[in-house]
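[1] Quick one: sequence and predicted model below, then my questions.
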Amino acid sequence: MSIKTEEISSLIKKQLANYQDKVSVEETGTVTYVGDGVARADGLDNAMAGELLEFSNGVYGMAQNLESNDVGIVILGDYTGIREGDTVKRTGRIMEVPVGDALLGRVVDSLGRPIDGLGEIKTDKTRPIERKAPGVMERKSVSVPLQTGIKVIDALVPIGRGQRELIIGDRKTGKTAIALDTIINQKNQDVICIYVAIGQKESTVRASVETLRKYGALDYTIVVSASASNPAPMLYIAPYAGAAMGEEFMFNGKDVLIVYDDLSKQADAYRELSLILRRPPGREAYPGDIFYTHSRLLERAARLSDDLGGGSMTALPIIQTQAGDVSAYIPTNVISITDGQIFLDSDEFYAGQRPAIDAGTSVSRVGGDAQVKAMKKVAGTLRLDIASYNELASFAQFGSDLDAATQAKLARGQRTMEVLKQGLHDPLPVEEQVVTLFALSRGFIDKVEIEDVQRYESELAAYMHANHQDLYDTIKKTGKLPEGDDLQNAVAKFSESFQGSKDNKQVAEEK
């Protein structure tokens, strides 16, 4: 078989034309220890803090401890396939996650990988999970309300866009329900929502996703899930990944709501990591930088100045307490970082007052500036009314004779508490809340029987929509109560025509 000289020379020319004089250099290290979700490796002398590292089996890790003789790595995935002696190489990239519109409506893990079975997420944008929070000069004051649709919150502890409001309480007191209702209420409000589920059962996360889908809220929501079955590093980085996804929208001038559910489990995961990495333990065995862990996360929530596009990110971190103890280490840390807290009381919850928000302990330090003027006007004395009712109610239970003024106060308080009850996943538009609280503050509900209060409220809303939609529109557009006596007259007319259950019985008896 003869090969022509011309063919050989043309092949050589092609090879020379495609030859690239480039040498790729990869810095690799050797795994010296692996176990419990962490590894140690030597040889990675130039690794950066938070850098993404790749093990020989394709699993990624993040450089956490940079020590003189080795690097402590948290493993972001299944560590059982990694052995001592395996190689690990630097990627040169700080830990990052995919971001952008393509993630909306999807459920992803802490690395931004889809776990909802709906296929690949097509986005080429990424952001590092750690970022320095905007400085004072890059922010502007909180002045735009973020309506939760929950009467007791919008009236007593209002939240503004760019605020950090803590939801705190014992387990099974409705913390997640408040967060989900707030997300559902952002429909048609032009707010992107991110729900970060940390350390929850996968069945619980699935139920939350189905709830959001049922109410049409999943279309504008990203769910980041680091379930209880995931390794501790995934639970630790999940809230940072969620914050990075939110910042992409915030820096593009949009408003974002992010829920961290919950940071107690993130703190536990970080404690576990730190102890395995041999970091010195401090109070309650948490590492010394646990405060910094939460503060650098929550400080990223902000309302940006107009020069930066005017976007905002509102954070609703959730903390679980033990037997209502808000003075424990992690609760006090997060309370001091946030701009107020919504405290859920288990006794009120089991007594049927839902949402079980304790008006005495709950506070919003900036939301009042963002509250609509109409709400401010009708809810002005609400907190004092509830406080005086609670005091009187505890006194009245001893059964002593009460004068007429005290009985009237008790009756008003009972009706106030009844008005503040609200069904699950049933957020109300602000104009309906204002009119209900207007009827309460002007004494129209005082004559209604307690068992009829919620029916009165729903029938009043239906009556106003049917006959006085213009009053609702005025409150919605201007944020103020309508001028003149139109609202007073409309509520008075409805109240006269409203028939309580006792009235209906009397009518039936007469017939």
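    Nice, thanks for sending it over.

[2] For stretch 316-326, what is the distance to the chain centroid?
    On the basis of Cα atoms, centre = their mean, to the nearest Å, the separation between the geometric centre of stretch 316-326 and that of its chain is 14 Å.

[3] List the buried residues for it?
    Judged by neighbour count using 16 or more other Cβ atoms under 10 Å, the buried positions of stretch 316-326 are 316-321, 324. For glycine as for every other residue, the C-beta is placed from the backbone atoms N, C-alpha and C.

[4] any low-confidence regions in the protein?
    Where the chain drops to pLDDT under 70, the residues are 1-4, 19-25, 399-400, 502-511.

[5] Could you chop it up by domain?
    Domains of the chain are assigned by the TED database as 24-94, 98-371, 378-506.

[6] Single out the most deeply packed of those domains.
    With neighbours defined by mean count of other Cβ atoms under 10 Å, none of the domains of the chain is more surrounded on average than domain 98-371, at a mean of 20.

[7] Send me stretch 420-435 as PDB with only the CA atoms.
    The C-alpha coordinates for stretch 420-435 follow below in PDB (Å, rounded to 0.1, in the frame of the first residue of the first chain):
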ATOM      1  CA  LEU A 420     -58.100  39.800  63.500                       C
ATOM      2  CA  LYS A 421     -58.700  36.100  62.900                       C
ATOM      3  CA  GLN A 422     -58.100  35.100  59.300                       C
ATOM      4  CA  GLY A 423     -58.300  31.900  57.300                       C
ATOM      5  CA  LEU A 424     -55.300  29.900  56.000                       C
ATOM      6  CA  HIS A 425     -54.100  31.100  52.600                       C
ATOM      7  CA  ASP A 426     -56.800  33.800  52.400                       C
ATOM      8  CA  PRO A 427     -54.900  37.100  52.200                       C
ATOM      9  CA  LEU A 428     -57.000  40.200  51.800                       C
ATOM     10  CA  PRO A 429     -56.400  43.300  49.700                       C
ATOM     11  CA  VAL A 430     -55.500  46.400  51.700                       C
ATOM     12  CA  GLU A 431     -58.700  48.200  50.800                       C
ATOM     13  CA  GLU A 432     -60.900  45.400  52.300                       C
ATOM     14  CA  GLN A 433     -58.700  45.400  55.500                       C
ATOM     15  CA  VAL A 434     -59.100  49.200  55.900                       C
ATOM     16  CA  VAL A 435     -62.900  49.100  55.500                       C
END
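
[8] What segments of the stretch 301-450 of the chain are strands?
    Ranges of strands in the stretch 301-450 of the chain, per DSSP state E, counting those that start in this stretch, are 312-320, 340-344, 363-364.

[9] Same list (those) but as TSV, adding distance to Y286.
    Formatted as TSV, these follow (distance: least, Cβ to Cβ, whole Å):
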stretch	distance to Y286
strand 312-320	14
strand 340-344	20
strand 363-364	26
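
[10] Now do the same contact list for the nearest residue to A490 once chain neighbours are set aside.
    Nearest in space to A490, with sequence neighbours left out and distances taken as Cβ to Cβ, 6 or more residues apart in numbering, is H468 at 4.8 Å. Shown in contact with H468 (Cβ atoms under 8 Å, 6 or more residues apart in numbering): 486-487, 490.

[11] now G367
    Counting by Cβ under 8 Å, 6+ apart, G367 makes contact with 142, 145, 157-160, 163, 165, 339-340.

[12] so E272 touches A232, yeah?
    Yes - with contact defined as Cβ atoms under 8 Å, E272 counts as touching A232 (4.7 Å).

[13] what touches both of those two?
    Both E272 and A232 are in contact with G37, where contact means Cβ under 8 Å, 6+ apart.

[14] What values do phi and psi take at A17?
    Listed backbone geometry of A17 is phi -70, psi -40, with angles given as degrees, to the nearest 10.

[15] and it, how far is that from S9?
    Using Cβ to Cβ, to the nearest Å, one gets 13 Å for the distance from A17 to S9.

[16] Look at those two and report which has more neighbours.
    Set side by side, A17 and S9 show unequal neighbour counts under other Cβ atoms under 10 Å, the larger going to S9 at 10 against 7.

[17] That one: what secondary structure?
    Taken by DSSP: H, G, I helix; E, B strand; the rest coil, the conformation at S9 corresponds to helix.

[18] how much does the longest helix along the chain deviate in direction from strand 312-320?
    For the chain, the helix reaching the highest residue count under DSSP state H is reported as helix 232-250. Using axes from the mean of the first three to the mean of the last three Cα atoms, to 10 degrees, one finds that helix 232-250 and strand 312-320 are set 150 degrees apart in direction.

[19] other SSEs contacting the helix or strand that helix 232-250 is followed by?
    Read in the C-terminal direction, the helix or strand following helix 232-250 is strand 255-261, with elements assigned using DSSP states H and E. Based on contacts counted as 3 or more Cβ pairs under 8 Å, 6 or more residues apart in numbering; DSSP states H and E, the elements that strand 255-261 packs against are helix 175-184, strand 191-198, helix 232-250, strand 312-320.

[20] change it to 6 Å
    For strand 255-261, the elements it packs on are strand 191-198, helix 232-250, strand 312-320, judged by 3 or more Cβ pairs under 6 Å, 6 or more residues apart in numbering; DSSP states H and E.

[21] The very next helix or strand once past it vs strand 312-320, what angle?
    Heading C-terminal from strand 255-261, the first helix or strand you meet, by DSSP H and E, is helix 263-276. With the same axes, to 10 degrees defining the directions, helix 263-276 sits at 70 degrees from strand 312-320.

[22] Output helix 263-276 in CSV, but only the C-alpha positions, please.
    The C-alpha trace of helix 263-276 is given here as CSV (Å, rounded to 0.1, in the frame of the first residue of the first chain):
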residue,chain,number,x,y,z
LEU,A,263,-32.3,30.1,60.0
SER,A,264,-32.3,28.0,63.3
LYS,A,265,-31.6,24.9,61.1
GLN,A,266,-29.0,26.7,59.1
ALA,A,267,-27.2,27.7,62.4
ASP,A,268,-27.3,24.0,63.5
ALA,A,269,-25.8,22.9,60.1
TYR,A,270,-23.1,25.5,60.4
ARG,A,271,-22.3,24.4,64.0
GLU,A,272,-22.0,20.8,62.8
LEU,A,273,-19.6,21.8,60.0
SER,A,274,-17.5,24.0,62.3
LEU,A,275,-17.1,21.3,65.0
ILE,A,276,-16.1,18.7,62.4
